[in-house]
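**Q** attaching a predicted model along with its sequence, questions to come.
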Amino acid sequence: MQNLTIGIDVGGTKVAGGLVARRGKLAKTLFAPTRAKDGVKASFGQVRSVIERLLRFAGGKENVRGVGVCCPGVLDPETGRVINAPNLPGWEKLRLGVDLKRSFGLPIRVENDANAAGLAEALFGAAVGYRNVFYVTVSTGIGTGIIINRRIYHGSQGVGAEGGHVSIDFRSPYRCGCGALGCIEALASGPAMARRARVHLEQEFKKPSLLRELTKGQLRFITPETIEQAARKGDEIAQLVIEETAFYLGAWLGGIISLLDPGAIVIGGGVARIGKPLFDGIRRIIPRYTVNPHLAAKIPLLPAKLQENVGVYGAASLFSPDGEEAEASA
């Protein structure tokens with residue numbers, strides 16, 4: 001009986017795999033280095049290896065209904081083709097779905113990692129019970145997923161929902177990796193937070209700050225984690241950086257709410273682990289930058305629940321029957 005789904009999350013440094021039972025029970029997880037620097041043959045081989053090991057744990061492919069794979073970048077979910085995956089050298093025009101189906105004889109589905117994570121949070125995580133969800137992951141970049149009626153919205157060409165590349169300040173001096181000025185990713189991602197902290201410290205070079213102590217004066221080592229740590233201990237510059245980040249995210253999400261009117265917004269990623277100070281700041285700002293402030297203020301702003309397993313859940317959720325939700329998420 002095909003009760004299990006294999007979920008594979010391919011990143012630049014590791015391949016995470018898991019066996020997910022119906023209704024979101026995580027039965028087994030495995031990890032392997034991606035070996036991305038060794039080229040596509042090596043990294044693709046690592047994906048195959050993890051799938052093979054999971055099939056053995058499942059007791060054979062007769063117990064598996066399919067293999068879902070997610071990775072960053074531009075993918076065509078209809079054909080299972082990876083068009084371009086950053087941090088995965090050689091993963092250009094890779095026929096991932098076709099090659100894996102030929103190898104394992106199982107149904108294969110391929111999806112962008114943020115889209116898959118959004119679906120996982122809607123089915124098994126923080127947004128269970130909501131049919132329309134806007135998902136955000138804030139870390140090295142800002143990825144988003146749009147879930148409409150518990151299905152991923154891809155757009156007409158399959159490359160929609162790139163909310164991290166919506167510009168909220170076209171006069172900004174900061175250019176995003178995509179080439180545009182003032183994208184929310186360039187203003188509110190983890191590296192953007194660290195950059196603003198360094199600028200404040202350089203401008204106020206006489207002002208004491210725990211950020212100087214935590215990095216032993218090497219400001220290039222500032223991270224969102226050090227900013228959070230300093231802010232919790234009352235550091236004014238660290239608190240200011242979090243307030244600024246909340247402002248940018250709140251202004252951006254206000255526009256997203258005007259556009260989509262989601263049932264819930266889920267925020268994950270490393271920056272989201274700052275927690276209450278960030279979320280409270282975002283909630284204060286959203287009503288100032290949306291067309292229906294009273295309605296916008298009622299939309300739940302939820303911290304992601306699936307955390308480090310979200311990629312595995314996301315890949316596996318590509319095989320979840322419509323309407324299937326978690327009995328209890330991990």
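**A** Sure thing, it's come through. Numbering: from 1, shown residues only.
**Q** check contacts around the closest residue to residue 167 other than its chain neighbours.
**A** The spatially closest residue to residue 167, leaving aside those adjacent along the chain, is residue 182, at 4.4 Å (Cβ to Cβ, 6 or more residues apart in numbering). Where you see a C-beta, it was placed from the backbone N, CA and C, and this is true even at glycine. Contact partners of residue 182, counting by Cβ atoms under 8 Å, 6 or more residues apart in numbering, are 167-172, 174, 176.
**Q** can you go through the residues you listed and name the buried ones?
**A** Taking 16 or more other Cβ atoms under 10 Å as the criterion, what is buried in these is 167-169, 176.
**Q** what segments of the stretch 1-150 of the chain are strands?
**A** Secondary structure of the stretch 1-150 of the chain (DSSP state E, counting those that start in this stretch): strands at 4-10, 14-21, 25-33, 64-71, 74-76, 81-84, 92-94, 108-112, 133-138, 142-148.
**Q** low-scoring stretches of this structure, by residue?
**A** Within the chain, the segments meeting pLDDT under 70 span 1-2, 321-330.
**Q** list phi and psi for the residue of it most remote from its centre.
**A** The C-alpha centroid of the chain is most remote from residue 206, which lies 37.6 Å away (Cα atoms, centre = their mean). Torsion angles at residue 206 (phi, psi; degrees, to the nearest 10) stand at phi -90, psi -10.
**Q** and the longest helix belonging to the chain, what does it pack against?
**A** In the chain, taking DSSP state H as the definition, the longest helix is helix 236-260. Here helix 236-260 touches strand 133-138, helix 184-188, helix 190-203, helix 210-214, helix 224-232, strand 264-268, helix 276-285, helix 293-296, going by 3 or more Cβ pairs under 8 Å, 6 or more residues apart in numbering; DSSP states H and E.
**Q** ok, residue 187 to residue 173 distance?
**A** 11 Å (Cβ to Cβ, to the nearest Å).
**Q** which one's more surrounded, the two?
**A** Legend: neighbour count by other Cβ atoms under 10 Å for residue 187 and residue 173, higher for residue 187 (25 against 8).
**Q** dump the residue contacts of that one.
**A** Residues near residue 187 by Cβ under 8 Å, 6+ apart: 168-169, 172, 174, 248.
**Q** looking at these, which is nearest residue 89?
**A** residue 174 (27.0 Å; Cβ to Cβ).
**Q** nearest residue to the closest one in space, please, no chain neighbours.
**A** Closest to residue 174 by Cβ to Cβ, 6+ apart is residue 186, at 4.5 Å.
**Q** I'd say the one you found and residue 176 touch.
**A** Yes. Between residue 186 and residue 176 there is a contact under Cβ atoms under 8 Å: 4.0 Å.
**Q** okay, now residue 81: neighbour count?
**A** When counting by other Cβ under 10 Å, one arrives at 17 neighbours for residue 81.
**Q** actually, residue 157.
**A** Using other Cβ under 10 Å, residue 157 has 8 other residues around it.
**Q** host element of it?
**A** Using DSSP states H and E, residue 157 falls within no helix or strand.
**Q** against residue 91, how distant is it?
**A** 19 Å.
**Q** repeat that for residue 113.
**A** Distance of residue 113 to residue 91, given as Cβ to Cβ: 13 Å.
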